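Trainee: Sharing a model prediction with you, sequence too.
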Amino acid sequence: MSEPHSGRPARSHVARGADKPSADRRTLFERVVEFISPGPDSTDELIATLADAEQRELIAPESRVMLEGVLRMADLSAGDVMVAAPRMDLLDIDAPYDTLLHAVIATGHSRFPVYEGRRDNVIGILMAKDLLKLQRSPDLNLRTLLRPAVFVPESKNLNELLRDFRSNRNHLAMVIDEFGNTAGLITIEDVLEEIVGEIEDEFDSDATAAENGIYTLADGSHRVAGDTGIGAVNQILGTTLPVDEFDTIGGLIAHQLGHVPRRGETAEADGLRFQVMLTRGGAVRWFRVARQDAAAPGARA
């Protein structure tokens, strides 16, 4: 009767003893794997790993750029990407129809913050297409066409903001600072461009590209490609910009600004006002160029 009882502890002891070496061997194996092929410990190391994967043709360059954008976007906030308040294009609720229409045509945006009294008193968002309703019904009150404005703090993370844009089917938000003042605006395009790079629009049509990269617009201003030679700009626009240090107008303006230009920024040179319309890969694709005395202030919305 005592033999079965005396044997059970022995079997239990052997089982426990067998488990411990097995656990040790598993831990040792994991350490060997980590030593041979350690995983990334930071975002920078992960980005470096993606670059190595691209070099080994495991992922396409476009995929690597997008993955890097996703990783970097996690550290960005609305305040990092927004168009600052002084560079916003706004519409005055009390402006006549012709003034509103001219502003819409000149800037080419699809949505505009509308203010009343002061520029920082945004009362709603106007869709450019809704102006057609005013044209057909002049007695219509502009206020009835406004859509609610969405306000977000400067500190709002871009990941959260993109999720909000998608869930609310909204494409534009006003950014406010810690004191509740308007700091700028941000669009869903601004957020997506942090992932995929600058999104090209109608200004990138190769089929309509001018030979010298300079177009005359309806209002008398010009659209100038960033890689246009300075000599061509001088010849067409009658300027005397220096041609010794820089080959392209984009390089000259970037040097004058002291940093990589962002869309909406402006610079002045030789009586001309250069406004950045589109950038791509750290370089300006298109400028809007006008005489300083004829240039209207404002950037994009």
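Mentor: Structure received. Numbering: from 1, shown residues only.

Trainee: can we go C-alpha only for contacts and neighbour counts from here?
Mentor: Fine.

Trainee: Let me see the ranges of the helices in the stretch 201-301 of the chain.
Mentor: Along the stretch 201-301 of the chain, counting by DSSP state H, counting those that start in this stretch, helices occupy 230-237, 249-257.

Trainee: right, and those helices - which one's nearest Val114?
Mentor: Proximity to Val114 (C-alpha to C-alpha) singles out helix 249-257 among the helices of the stretch 201-301 of the chain, at 29.9 Å.

Trainee: Where does pLDDT dip in the stretch 101-250 of the chain?
Mentor: Residue ranges of the stretch 101-250 of the chain with pLDDT under 70: 197-211, 218.

Trainee: if you set the cut-off to 50 instead, what comes out?
Mentor: Within the stretch 101-250 of the chain, the stretches with pLDDT under 50 are 202-209.

Trainee: And the residue nearest the centre of this structure?
Mentor: Nearest to the mean C-alpha position of the chain, by C-alpha atoms, centre = their mean, lies Asp190 at 3.0 Å.

Trainee: Output the helices of the stretch 201-301 of the chain as TSV; include the columns distance to Asp44.
Mentor: Putting the helices of the stretch 201-301 of the chain into TSV (distance: least, C-alpha to C-alpha, whole Å) gives the following:
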stretch	distance to Asp44
helix 230-237	38
helix 249-257	27
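
Trainee: Can you say which of those is packed in most?
Mentor: Of these, the one with the most neighbours on average (mean count of other C-alpha atoms under 10 Å) is helix 249-257, at a mean of 19.

Trainee: hmm, who's touching that one?
Mentor: Helix 249-257 is touched from outside by 225-230, 233, 246, 260-261, 267, 283-284, with contacts defined as C-alpha atoms under 8 Å, 6 or more residues apart in numbering.

Trainee: what about the helices in the stretch 1-150 of the chain?
Mentor: 2-36, 43-55, 61-73, 78-81, 97-107, 131-136.

Trainee: how close does Ser137 sit to Leu131?
Mentor: As judged by C-alpha to C-alpha, to the nearest Å, Ser137 and Leu131 stand 10 Å apart.

Trainee: Which one of the two is surrounded by more residues?
Mentor: Of the pair Ser137 and Leu131, Leu131 is the one with more neighbours under other C-alpha atoms under 10 Å, namely 18 against 10.

Trainee: Number of residues surrounding Thr49?
Mentor: By other C-alpha under 10 Å, the residues close to Thr49 number 15.

Trainee: From here on, call the first residue 773.
Mentor: Got it, the first residue is 773 from now on, which makes the last one we talked about Thr821.

Trainee: That one and Arg828: what is the separation?
Mentor: Plainly put, Thr821 is 11 Å away from Arg828 if you go by C-alpha to C-alpha.

Trainee: and what of Arg919?
Mentor: Look at Arg919 and Arg828: by C-alpha to C-alpha, they are 50 Å apart.

Trainee: Skipping its backbone neighbours, what lies nearest Gly985 in space?
Mentor: Ala997 (5.0 Å; C-alpha to C-alpha, 6 or more residues apart in numbering).

Trainee: Hmm, the one you found is touching Thr988, no?
Mentor: No. Counting by C-alpha atoms under 8 Å, Ala997 stays clear of Thr988, with 12.0 Å between them.

Trainee: okay, those two: which has more neighbours?
Mentor: Between Ala997 and Thr988, Ala997 has the larger neighbour count (other C-alpha under 10 Å), namely 25 against 12.

Trainee: I'd like the C-alpha coordinates of stretch 945-964 written as PDB, please.
Mentor: The C-alpha coordinates for stretch 945-964 follow below in PDB (Å, rounded to 0.1, in the frame of the first residue of the first chain):
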ATOM      1  CA  ALA A 945     -10.200  71.700 -39.300                       C
ATOM      2  CA  MET A 946      -9.200  75.000 -37.700                       C
ATOM      3  CA  VAL A 947      -6.300  74.700 -35.300                       C
ATOM      4  CA  ILE A 948      -6.400  76.700 -32.000                       C
ATOM      5  CA  ASP A 949      -3.600  77.400 -29.500                       C
ATOM      6  CA  GLU A 950      -3.600  76.900 -25.800                       C
ATOM      7  CA  PHE A 951      -5.400  80.300 -25.300                       C
ATOM      8  CA  GLY A 952      -8.200  79.400 -27.700                       C
ATOM      9  CA  ASN A 953      -6.900  81.700 -30.500                       C
ATOM     10  CA  THR A 954      -6.800  80.600 -34.100                       C
ATOM     11  CA  ALA A 955      -3.300  79.300 -34.800                       C
ATOM     12  CA  GLY A 956      -3.900  78.000 -38.400                       C
ATOM     13  CA  LEU A 957      -5.800  75.300 -40.300                       C
ATOM     14  CA  ILE A 958      -5.100  71.800 -41.400                       C
ATOM     15  CA  THR A 959      -6.600  69.600 -44.100                       C
ATOM     16  CA  ILE A 960      -6.800  65.900 -44.600                       C
ATOM     17  CA  GLU A 961      -4.500  66.400 -47.600                       C
ATOM     18  CA  ASP A 962      -1.900  67.900 -45.200                       C
ATOM     19  CA  VAL A 963      -2.100  64.700 -43.100                       C
ATOM     20  CA  LEU A 964      -2.000  62.300 -46.000                       C
END
